[in-house]
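Engineer: I would like to see how this sequence folds:
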Amino acid sequence: MKAILIDDENPALLQLERLIQADGRMDVGGKFTRVSSGLEYLEDNPVDVVFLDIEMPGINGLEAGERLSATHPDLHIVFVTAYNHYAIEAFELNALDYVLKPVDPARFSKTISRIESRMSTTRSMPAPQDSVVICFKRLALEASGEAGGLLRWRTQKAQELFAFLLHQNGQWVTKDHILETLWPQLVLDKATTQLHTSVYQVRKVLKHWGVEATIEYAHDSYRLTRSGFTTDADLFIRGIHIPGVETEQEFQQLERVLHLYQGDYLEEHDYFWAKPVREELRRQYIHGSLVAAAYERNKGRERQALKRLLALQQKEPYSDEICRSVIQAYHDQGNEAALVSHYREFTNLIRNELDAAPEAETVQLYLELTDRE
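Structural biologist: Residues are numbered from 1 along each chain as shown. As a prediction, this is how the structure comes out:
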């Protein structure tokens, strides 16, 4: 990663440079005491990050940040300031982070990690020309960023073969394993004929899409090459591993990732071989949603948090973790009646349907929130 530093005070520039050198994950391309000099440098030099002081004579950092965001949309901006009341304005300009002077080394290291995470996510996103195969809820195709129709397959087995090979993430799969998984009830000759017919149909659909992907065959094995397309599940997996949500920008990034999850992985097709991945992606979605709700609660947006949590409990009604988050959100709102009602409904549900009781942690939280110890 390459950065430039803009601050009208040389000691501040030197401190930032030393911190960057000590961290070792970023190079300093230039140090400037005037915004205009930094802008001139950017015209001719590739830069990933700008550390920008807010309080400067003439054009201040916020104005400069606005200009940079307009002219260099891929540039990551980190504001440096002695006053934290600038933070809200900084993030309104889509800044990646802000650090307070004098800069604390541990806090600065966290900022570098945040930059690394953001750049990794950005680089992993597909090129605009890629098609997107929708795997959440049901199999569908979205070409060039536009809503597409459902994939049209001549047979359901051709569709399942495509989904099964897609599920392997470009790995080779033996013919025997495919036959045992997709045609276990057929004798070998008939199953092999079905496989060859389905391979032909999948290749035909791929050609109709106009993507470079195809099914390859070698050493009695098959694989689906993944040139020219990605999947919404891929994008979800790449984006859901956010180290933490501490800023509005990170929250918005998490929201975009969660929005990809429109239903369980291949939910409507109910392929048995997809179950482990389906459960893992569901677990990650629930965790990400709880992180988002916690951020909303911390920012005083209890209503939004509660709406998210109640929708989440519809998906996972037996979850103690979600129940705890819901009753905590009701407590934040000062709505003890709803808190008590929700806890009792949850208790009755798991007792009647699972013959179970709430976890000790759930009971303890309920007692603390209602002063019933």
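
Engineer: Which parts of the stretch 1-150 of the chain are helices?
Structural biologist: 10-23, 35-44, 61-71, 87-92, 105-124 (DSSP state H, counting those that start in this stretch).

Engineer: need the least confident one among those helices, by mean pLDDT.
Structural biologist: Among the helices of the stretch 1-150 of the chain, helix 87-92 carries the lowest mean pLDDT, a mean of 48.

Engineer: hmm, what's the outermost residue in this protein?
Structural biologist: Here the chain reaches farthest from its C-alpha mean at residue 189, the gap being 44.5 Å by Cα atoms, centre = their mean.

Engineer: so who does the nearest residue to residue 175 once chain neighbours are set aside touch?
Structural biologist: In this structure, residue 175 finds its nearest non-sequential neighbour in residue 220, 5.1 Å apart by Cβ to Cβ, 6 or more residues apart in numbering. To be clear about C-beta, it is placed using only N, CA and C from the backbone, and glycine gets the same treatment. Residue 220 makes contact with 174-176 under the criterion Cβ atoms under 8 Å, 6 or more residues apart in numbering.

Engineer: Out of the residues you listed, who's the most crowded?
Structural biologist: Neighbour tally across those (other Cβ atoms under 10 Å): the maximum, 16 neighbours, falls on residue 175.

Engineer: What does that one show for phi and psi?
Structural biologist: The phi and psi values for residue 175, taken as degrees, to the nearest 10, are phi -60, psi -40.

Engineer: pretty sure it contacts residue 222?
Structural biologist: Yes. Contact between residue 175 and residue 222 holds when scored by Cβ atoms under 8 Å: they sit 6.7 Å apart.

Engineer: This structure: strands as residue ranges?
Structural biologist: With DSSP state E, the ranges of strands along the chain come out as 2-6, 27-32, 49-53, 76-81, 97-100, 131-134, 140-142, 173-174, 215-218, 221-224, 229-231.

Engineer: Please work out which of those strands is packed deepest.
Structural biologist: Most buried of the strands of the chain, by mean neighbour count (mean count of other Cβ atoms under 10 Å): strand 49-53, with a mean of 26.

Engineer: so which of the strands of the chain comes closest to residue 333?
Structural biologist: In terms of Cβ to Cβ, the element of the strands of the chain nearest to residue 333 is strand 97-100, at 30.3 Å.

Engineer: what lines up beside the closest one in the sheet?
Structural biologist: strand 76-81 (parallel) (DSSP bridges).

Engineer: Taking strand 49-53 as reference, get the angle to the strand it pairs with.
Structural biologist: In terms of direction (axes from the mean of the first three to the mean of the last three Cα atoms, to 10 degrees), strand 76-81 departs from strand 49-53 by 20 degrees.
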